[in-house]
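> With the input below, show me the fold.
(2 chains)
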There are 2 protein chains.
Amino acid sequence: MQEGFDPIARMALQLAKLPGIGQKSAQRLAYHIAAMPQEAVKELAAALWQGRKALRFCDRCGNYAQDALCPICQEEKRQNGQICVVRDARDVAAMERMRDFKGLYHVLGGTLSPMHGIGPEDIRIQELMARLSTEPVDEIILATNPDIEGEATAAYIARLIKPMGIRVTRIAHGVPVGSDLEYTDEVTLAKAMEGRREL
Amino acid sequence: MQEGFDPIARMALQLAKLPGIGQKSAQRLAYHIAAMPQEAVKELAAALWQGRKALRFCDRCGNYAQDALCPICQEEKRQNGQICVVRDARDVAAMERMRDFKGLYHVLGGTLSPMHGIGPEDIRIQELMARLSTEPVDEIILATNPDIEGEATAAYIARLIKPMGIRVTRIAHGVPVGSDLEYTDEVTLAKAMEGRREL
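Okay, the predicted model is just below:
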């Protein structure tokens, strides 16, 4: 980074820490921001910092929230007995873009991965089990990613819950195996929901 | 953008305004930032906002500066009689990465473009002329981009300055015609400086 241009170098350094932004793009962005009106930069910085500060996790489902409950858990009519289990909050966003699912979510915050030392106690499985005794649940829809870890996590949760007499389903493999739920289009996601099968 | 997730939607909205960041990347970045430690987001936001606030233009050359003069103009030893004229501040950064040029800069803040109604009075040509009478100048190196507007601007400035008996040179067309100075590698830029010719 060029000596002396500290504010721009500092911007670029921070921007380059974001995923998908390399050194060159970071510097280009920094110069762009340097040339933006002060007010616009203020809005950008405020959106990031105040936004981050405002975020917490939903006490019930683990999704991002501003209050104790996330906006989805706050909606009475979404208590329809279905809980869709996903890996993380961005998967909730992906499911919501489909606009088809009317139930609640449960965000695991990860998937089982013996390779990385992530066991059942490291993700929010216990919290899911607790919900089964306090909420009226008819169906658990397992919507973890269709990769090895996602499948293993789904199988693990199914083994825990099926003996309790609750319906456990897995979204169909309409989504290409090995891909990421977050990047799946709405139509494919809807098909995957439709074709979900009993585990 | 998903209803209810206001802080994340607000982040994504602001990020999508940056060049080269589409809706999808903006949302991905927003989720990444939501999951970053608060301290890290604070650093990012502070780098952008405080950085932008700290920036002004150098009174002499028009480059970005934190004080009245930019770090380059503040260095006594760079007063070597050479002034390299570039379109904008990021071109100064590109030239500096080469580490070969030991003189001063003059940032025009644009190039002549009759098509876009940008005439000599809209870019910092008058300020350049003023420098010629207050600074000891032996050579003006015209390093505007090798495109139509950059060439026209170089030719215009050459016509103004040559009658004053000051050496006026143009960086060589080592850089591919039609490309952007900012993306030229250091070696090509060095060759272009070497092969500069009298106008």
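
> Every contact and neighbour count from this point should use C-alpha atoms.
Fine.

> A:Arg87 is in contact with A:Thr111, correct?
Yes: counting by CA atoms under 8 Å, A:Thr111 touches A:Arg87, with 6.3 Å between them.

> quick one: common contacting residues for those two?
By CA atoms under 8 Å, 6 or more residues apart in numbering or on different chains, A:Thr111 and A:Arg87 have these common neighbours: A:144, A:150.

> so who does the nearest residue to A:Pro136 once chain neighbours are set aside touch?
Spatially, and ignoring its direct neighbours in sequence, A:Pro136 is nearest to A:Gly81 (5.7 Å; CA to CA, 6 or more residues apart in numbering or on different chains). A:Gly81 sits next to A:103, A:135-139 when contact means CA under 8 Å, 6+ apart.

> what residue is smack in the middle of chain A?
What sits nearest the mean C-alpha location of chain A, by CA atoms, centre = their mean, is A:Ala89, with 2.2 Å.

> tell me the contacts of that residue?
Each residue near A:Ala89 by CA under 8 Å, 6+ apart is listed here: A:62-64, A:107, A:109.

> circling back to that earlier point, out of the contacts of A:Gly81, which end up buried?
Among the contacts of A:Gly81, those classed as buried by 16 or more other CA atoms under 10 Å in any protein chain shown are A:103, A:137, A:139.

> is it true that the last one touches A:Asn80?
No: under the criterion of CA under 8 Å, A:Glu139 makes no contact with A:Asn80, lying 9.4 Å away.

> Between those two, which contacts overlap?
Counting by CA under 8 Å, 6+ apart, no residue touches both A:Glu139 and A:Asn80.

> in stretch A:69-86, what's buried?
By 16+ other CA under 10 Å, the buried positions in stretch A:69-86 come out as A:69-73, A:78-79, A:82-86.

> Contacts only, for the residue lying closest to A:Leu15 once chain neighbours are set aside.
In space, and not counting its chain neighbours, A:Leu15 is closest to A:Ala26: 5.4 Å by CA to CA, 6+ apart. Contact analysis of A:Ala26 by CA under 8 Å, 6+ apart lists A:11-13, A:15-16.

> that older thread, now the contacts of A:Gly81 in a markdown table, please, with extra columns for pLDDT and secondary structure.
Below are these laid out as a markdown table (pLDDT from 0 to 100; DSSP: H, G, I helix; E, B strand; the rest coil):
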| residue | pLDDT | secondary structure |
| --- | --- | --- |
| A:Gly103 | 95 | coil |
| A:Glu135 | 93 | coil |
| A:Pro136 | 92 | coil |
| A:Val137 | 95 | coil |
| A:Asp138 | 94 | coil |
| A:Glu139 | 94 | strand |
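
> got a markdown table for the contacts of A:Ala26, with neighbour count, pLDDT and secondary structure too?
Below are the contacts of A:Ala26 laid out as a markdown table (neighbours: other CA atoms under 10 Å in any protein chain shown; pLDDT from 0 to 100; DSSP: H, G, I helix; E, B strand; the rest coil):
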| residue | neighbour count | pLDDT | secondary structure |
| --- | --- | --- | --- |
| A:Met11 | 27 | 96 | helix |
| A:Ala12 | 27 | 96 | helix |
| A:Leu13 | 19 | 95 | helix |
| A:Leu15 | 23 | 97 | helix |
| A:Ala16 | 19 | 97 | coil |
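
> of those residues, closest to chain B?
Relative to chain B, the closest of the contacts of A:Ala26 is A:Met11; by CA to the nearest CA it sits at 5.1 Å.

> doesn't B:Gln50 make contact with that closest one?
No: A:Met11 lies out of contact with B:Gln50 (CA under 8 Å); the separation is 9.3 Å.

> thinking again about what came up before, for the residue nearest to the centre of chain A, phi and psi?
In terms of degrees, to the nearest 10, the main-chain angles of A:Ala89 are phi -60, psi -30.

> in chain A, which ranges drop under the pLDDT threshold?
Scanning chain A for pLDDT under 70 picks out A:1-5, A:173-177, A:191, A:195, A:197-198.

> Which parts of it are helices?
Taking DSSP state H as the test, the helices found in chain A are A:6-15, A:23-34, A:38-54, A:71-74, A:89-98, A:125-134, A:148-161, A:186-194.

> Would you point to the one among those helices that's packed deepest?
Mean neighbour count (mean count of other CA atoms under 10 Å in any protein chain shown) peaks for helix A:6-15 among these, with a mean of 22.

> can I get the CA coordinates of that helix in PDB?
Provided in PDB are the C-alpha atoms of helix A:6-15 (Å, rounded to 0.1, in the frame of the first residue of the first chain):
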ATOM      1  CA  ASP A   6      -3.000   6.600   5.400                       C
ATOM      2  CA  PRO A   7      -6.800   7.100   5.300                       C
ATOM      3  CA  ILE A   8      -7.100   5.400   1.900                       C
ATOM      4  CA  ALA A   9      -4.600   2.700   2.800                       C
ATOM      5  CA  ARG A  10      -6.600   2.100   6.100                       C
ATOM      6  CA  MET A  11      -9.900   1.900   4.100                       C
ATOM      7  CA  ALA A  12      -8.300  -0.600   1.700                       C
ATOM      8  CA  LEU A  13      -6.800  -2.700   4.500                       C
ATOM      9  CA  GLN A  14     -10.200  -3.100   6.100                       C
ATOM     10  CA  LEU A  15     -12.100  -3.700   2.900                       C
END
